[in-house]
Structure formats: structure tokens, C-alpha cells
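Give me the fold of what follows.
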Amino acid sequence: MNAIVDRVNRRAFIKAGAAFGGGIIAAGLPLSQAIWAAEGKVLKARSVTAFGTLDPGFYQNSVDVDVSNCCYSKLTHFKPGSEWGWELESAEKIEQVDPTHIRFRLKKGIKFTGGHGELTAKDVKFSFERVIKHNSPVKPDWGPLDHVEIEDEYTGVIVLKTPFVPVWNISLPYGVGHIVSEDAVMKATKDGGDFGMKPPAFSGPYVLADWKPNQYLILTRNPDWSGPKPGFDEIRIVPILDDKTAERAYQAGDVDFTVFSVDSLATFKSNPPANTKVEEKAARYYYWIGMNVDHPKLKDENVRKAIQWAINVPQVLDAAFAGQATVATGLIPPGMVGHRDKALVPPEGDLAKAKEFLDKAAVSDLTLTIDCLNESIFTTIAQTVQAQLSQIGVSLEVKVQDSGSFWTLGMESDGERWKDLQLIINYSFIMPDPYFSTTYFVSDQVGVWNWERFHNERFDELNAKAVTVSDPVERAKLYHEMQDLMEESGAYRFLTTLGAPIMYRSTKTRAACRPDGVPLFLEFTPV
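Numbering: from 1, shown residues only. From the prediction side, this is the model:
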């Protein structure tokens, strides 16, 4: 949905602040934890947002998933490295029997904590189906899942209603692919719904030892874990929302791993902190400016297109990212199926053309609002767009929101503020399949994550069809058209697809990440 996200909620990341100076992280720990941590091998890492839920079937942001990776088991997981790929985890074997059936066989001996027994096919069925049954906000990650058939205690078949190409790059190795204990969850929740930040059982190498909202989350070794031993005795994760604050925290020694801002990349590459390795990563986030098409002031497509053409994207990026961000052509970054060579509206826009659209709308003295997060990148974008729109006679009021307020703005389930929403600066994280970027803009997502309230039957049809097409050339054509439809609606001005550089203390750890820099903590090793 930091310089992306992450999209909590899948897109939205419900963020909250943390104050940092030098060496203050341990100050909030219980004394016993602080003493224990000093004696063991501890990984101190920054997260770009606060934690939303440790129920993987209802994850709210990517850091929720980062922690779930440590505490639960999945059939498969992402491999670290510069290329996207997956490998077996709790599955001993997994195969695509036909386009709509995937058979798996579990490894034996994976146990849940709390006396909840061994992980079986029954738990896989429960975990996957509850995402659909309880209408999880992230159920699109499971696409056309129908059900899971149980063949025996360790073997089952995932049954899809229609072919779903992203199952291998999203469903299985990411958030909704985690397996929870049916016995534990049903006892804790009664109906099998979201258990939030109170997990009833774990099956991974780590367990949740302590959590203090907006301050830290601590994972320690799972005594019931019989698999490969991870490198650290403890993982301490601290939410630091602002990249610049995170950079200072790293330099103070408060964290040993962090994402940092792209505008600092050149500085840190040429003059890194002592004993630090700096790495550039593939695109991780996409940013855009959206417009609520149902708002009375924005119902006229000509008004929306006037705004599109008045926004000079290179100017916005120069101001917000110190010239280190590249102009986006849509939602999908270079190198991924569906990336467009260019957008329909040129990056620099055209003020004369913008004024023509306003004239068509017969609008004058237009006043609008733009909502954004209270972080420097977003306020800078908003102020730059404010100045640009003034050149066509549009007055724009910047409304800065804290994360708790921002990530509910377009949610109908959280009240009627969506009715007042006009322009919004938004961002979301990218996964290795274009479906993850497009599926939250379908009509069913209006009032959920589709805050522009964009309705287009053709878009919905294409989104459903594209996941069934395996040929990359044919599939790309569908995603090209989908992005064209978004842009033609006037409701979107694409800004950038942005990488997330990382740095880590080479005297403390050897980091292991996905190609986009997202940490895979189980693969980190101490030095």
C-alpha cells in the first residue's frame, strides 16, 4: 500500500512511531531479556513499519510476513539471492498434477508448540481454506482456491477453480501459505478467525518471546523445533518508520540490518559506516497518486485528466528522492512480465493540455485536498504537486495523516471518511508476479484497497484471465492493457517503482534477502 512499503494490510502498513537515539533499544526490555540477549547471538534488525497481526492468513504488511516466516511452516519458501525462486520447506514433495490440482506430501515430525500435535494435511486444509472462509483482506493472494482435499495424514491436494499461475510465486511461498494449527486456532478463536498478535501455537524455528507495540518484537528459539538450527539465539526487530531515522539508528549501533533511503545510496556506497556492507536491490515498491472517482469534484473524467497532465513526475521525484528514483510507466517494474515501455501520459505532463481538460469540464476556482502520510517523502510529493496544480488554477490543500489514520482512509469498513477522500498519495510493495500489483484494483476491492473506487469490467476480466495464461508474451499484453485502462480513467498518475537498498554490519551477520531486499531472517548467519 518508509520510502514502500510496504502496502499494509497487504498494502497498508499500519505504521507507528519509534524514537531513536544511540543504544536505546534494549532500554525497554525486561531485565531478564536484556541479560539473556547479552549472552546469546542476537540479530538486531529494523522493520519499516509496525506489526499489524501475526496471523499469516490475515497479514497486514510485509513485516508481519517476515516474522511469520520465522514462527510457522509453509509448503515452500523463497530462496535468498538475486533471482526469484522457491524451494521446499515443510513439503517433502509438491507437484502440479494438472492446471487446477497441486499435490503435496508433508515432512513428518514438524510439531506445534503447546502440545497441539504434529503438523498434518488437516492443518494445511484448515489454514488455506480459512483465508477464503473468513473473507480475509488478503484472500486475493489465494486467487481461485476452492478447497484442499486430504488423501492421508501427510498428503493432500490443493484444488483451484481455474488455473492460477501466481500460486507458485505468491500463494505458497508468501503470507497466506503459512500453516497454523487447527486445534490451537479453534480453541483460541472459536470460529477460526484472525488471532491478531496472540498466536496460540508455533511450528517454526522461533517463537514470539516478547512484543511491545511500536518499540520492539523479540523472537527466541523454539525448543520443540527439530529442523535445521538457525544462526541466531534471538531476533530483535524494531519498527522505525522513517528511513533517515533508521540510518541514524544503524550508525548508533541500535540495529545491524536496515533498509535505507535511495537518496542516501551514493553516500553510503562511497563512504559506508565501519564494517558495513551496502547492497542495491531490485524494485520493491510502487508509488502513485490516486483520485476518488466517486467524489463530486472528481466525477468528471476531464477534471481527473487535467490533474494527470499538470503533474510533472520528474520534478516530483527530484524533490522527493533527490533524483535517485526513476519514472514509472505503470504498476509493474522493469524486468517483470507486463512492464510497459512507456505511460500514456508523458512523464513531464503538459500544462496547456491540462488547462484544455479543465476548460472541457467548465471548471474554475477548483479547490481539492490531497492526503498523505506524515513522512518527509510523502509531504514533499504533496507540496510539489500542490505547486504544480496551482499553475492551472487548482488550489490543493495538503492533509497530513499519521499511519493509523491514513491506512483507514478509503476503507468502508472503518466509517465514511472515504466519501471525503479526493487525491491521495499511496504506495504498495511489489511481488514477483504482476497479479499482486493489479488485483487490488478490481471492482471487488472498491472500499477495501481500491481507494480510487475504479470500476472497469474489462479490467476485471483481464485480471481474471491473465492468471490463467502461462505464455509470458501473451500474458504481458493483458497487463499492458490493464495499466492502459487505469491511466485512461484519469484516476491514476504513476510516479515510480523504487528499489530498497540495504546495509548490514558485516562483523555481526551475513544477511540473506529476496532479490528486492526483504530479509529472510532464517537464512541470516552470525559472524
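
for the chain, what's the longest helix?
helix 472-488 (DSSP state H).

helices or strands up against that one?
In terms of contacts (3 or more Cβ pairs under 8 Å, 6 or more residues apart in numbering; DSSP states H and E), helix 472-488 is packed against helix 435-438, helix 457-466. The way it works is simple: take the backbone N, C-alpha and C, and place the C-beta from them, glycine included.

in a helix, that's where residue 211 is, yeah?
No: counting by DSSP: H, G, I helix; E, B strand; the rest coil, residue 211 falls outside a helix, being strand.

ok, now which ones touch the residue lying closest to it once chain neighbours are set aside?
Leaving aside its chain neighbours, residue 211 sits nearest to residue 217 (4.7 Å; criterion: Cβ to Cβ, 6 or more residues apart in numbering). Counting by Cβ atoms under 8 Å, 6 or more residues apart in numbering, residue 217 touches 47, 51, 67, 208, 210-211, 236-238.

Over to residue 217: give its phi and psi.
For residue 217, the backbone dihedrals (degrees, to the nearest 10) come out as phi -140, psi 130.

Roughly how far does residue 516 sit from residue 347?
23 Å (Cβ to Cβ, to the nearest Å).

ok so, going back, wait, which of the helices and strands packed on helix 472-488 is closest to residue 174?
In terms of Cβ to Cβ, the element of those nearest to residue 174 is helix 435-438, at 8.6 Å.

Show the model's pLDDT score for residue 504.
pLDDT, residue 504: 98.

and it, what does it touch?
256-258, 276-277, 511.

quick one: which of these has the most company?
Tallying neighbours with other Cβ atoms under 10 Å puts residue 258 at the head of the contacts of residue 504, with 26 neighbours.

any idea how far it lies from residue 238?
As for residue 258, its distance to residue 238 is 9 Å (criterion: Cβ to Cβ).

which one of the contacts of residue 504 sits closest to residue 118?
Of the contacts of residue 504, the one sitting nearest to residue 118 (Cβ to Cβ) turns out to be residue 511, at 32.6 Å.

Was I right to think that closest one contacts residue 519?
Yes: at 6.7 Å, residue 511 counts as touching residue 519 under the criterion of Cβ atoms under 8 Å.

Need the residues touching each of the two.
In terms of Cβ under 8 Å, 6+ apart, residue 511 and residue 519 are both contacted by the residues 257, 502.

Quick check: residue 41 touching residue 234?
Yes: counting by Cβ under 8 Å, residue 41 does reach residue 234; the two are 7.4 Å apart.

More neighbours: which of those two?
Using other Cβ under 10 Å as the criterion, residue 41 and residue 234 rank with residue 234 on top: 20 against 16.

and that one, what is it in contact with?
By Cβ under 8 Å, 6+ apart, the neighbours of residue 234 are 36-37, 40-43, 209, 218-221.

Specify which member of those is nearest to residue 385.
When the contacts of residue 234 are compared for distance to residue 385 (Cβ to Cβ), residue 43 comes out closest, at 39.6 Å.

Which strand or helix spans the closest one?
strand 42-47 (DSSP states H and E).

Against residue 397, how distant is the residue of the chain positioned farthest from its centre?
Most distant residue from the mean C-alpha position of the chain: residue 362, 39.9 Å away (Cα atoms, centre = their mean). Distance, residue 362 to residue 397, by Cβ to Cβ: 22 Å.
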